[in-house]
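Novice: sequence-free structure coming up:
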């Protein structure tokens, strides 16, 4: 149950899929507490408790209501705050879904490489292959779009929070591993900085609630 009318966010002790949710909670000024899990064994009792129809991390508890799946949580929070424009305006629905697909596909494979590469050299090579195929079909268009628009849709949506998190993660990987995911895309970098300069977000990132690292769990090669 939510504590003192605060929603509860459950997730691993990492940024991962949880950070765009935390950032949106802060932006919307929705009070929340976190239930954090370091090891799988800590999560299993909750997972098996029968309190969630689709048990997963992250999860959100708001009173008697429980929700899983990270994007569903982002949508729920936008509607809870009475800001439906954060899930895209009706007249932009098709374009929103297109850009949602573009942005959400930027993370999974690169995340798998960070977890399962045997060493940093293999990680770099995997990312180079990704850049030559997936990255080349998505990042130039996003960079062009964000050279014209302040936000992905031209107005702030939850897609901006997802993209900002992925961009910061990939920029850190570039610096530390020698990949070149964000190097040639200054407008994408500038967009991430705009999200993080939103007053409520900036204030959050200066508190101990903000977790700079790790991006991934301790079992990952790069985190």
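Specialist: That came through, no problem. Treat the numbers as computed from the prediction; the structure is a model and nothing was measured. Numbers count the residues shown, from 1 in each chain.

Novice: could you identify the longest helix within the protein?
Specialist: The residue-count maximum for a helix in the chain (DSSP state H) belongs to helix 158-177.

Novice: identify each buried residue in that one, please.
Specialist: Buried residues in helix 158-177, counted by 16 or more other C-beta atoms under 10 Å: 158-173, 177. C-beta here means a position set from N, CA and C on the backbone, and glycine is covered the same way.

Novice: and if you look at stretch 101-112?
Specialist: 102-103, 106-107, 109-111.

Novice: by contact count, what packs against the stretch of helix or strand residue 71 belongs to?
Specialist: Assessed by DSSP states H and E, residue 71 sits inside helix 70-80. For helix 70-80, the elements it packs on are helix 18-28, strand 59-62, helix 158-177, judged by 3 or more C-beta pairs under 8 Å, 6 or more residues apart in numbering; DSSP states H and E.

Novice: the longest one vs helix 70-80, what angle?
Specialist: This means helix 158-177. 140 degrees (axes from the mean of the first three to the mean of the last three C-alpha atoms, to 10 degrees).

Novice: the first one too?
Specialist: Computed by the same axes, to 10 degrees, the angle separating helix 18-28 from helix 70-80 equals 10 degrees.

Novice: after helix 18-28, next one along is what?
Specialist: strand 32-37.

Novice: now do that following strand: which elements does it pack against?
Specialist: On the basis of 3+ C-beta pairs under 8 Å, 6+ apart, strand 32-37 makes packing contacts with strand 7-12, helix 40-47.

Novice: repeat the analysis, applying 10 Å as the threshold.
Specialist: When contacts are defined as 3 or more C-beta pairs under 10 Å, 6 or more residues apart in numbering; DSSP states H and E, strand 32-37 packs onto strand 7-12, helix 18-28, helix 40-47, strand 59-62.

Novice: with respect to residue 214, which of the ones you listed lies nearest?
Specialist: For residue 214, the closest of those is strand 7-12, at 9.4 Å, according to C-beta to C-beta.

Novice: surely residue 51 is in a helix?
Specialist: No: per DSSP: H, G, I helix; E, B strand; the rest coil, residue 51 lies outside any helix segment and is coil.

Novice: please name the nearest non-neighbouring residue to it.
Specialist: residue 66 (6.1 Å; C-beta to C-beta, 6 or more residues apart in numbering).

Novice: ok, back up a step: in JSON lines, list the helices and strands packed on strand 32-37 along with distance to residue 216, mean neighbour count and mean pLDDT.
Specialist: Rendered in JSON lines, the data for the helices and strands packed on strand 32-37 read as follows (distance: least, C-beta to C-beta, whole Å; neighbours: other C-beta atoms under 10 Å; pLDDT from 0 to 100):
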{"stretch": "strand 7-12", "distance to residue 216": "9", "mean neighbour count": "21", "mean pLDDT": "98"}
{"stretch": "helix 18-28", "distance to residue 216": "11", "mean neighbour count": "23", "mean pLDDT": "98"}
{"stretch": "helix 40-47", "distance to residue 216": "14", "mean neighbour count": "13", "mean pLDDT": "93"}
{"stretch": "strand 59-62", "distance to residue 216": "19", "mean neighbour count": "22", "mean pLDDT": "97"}
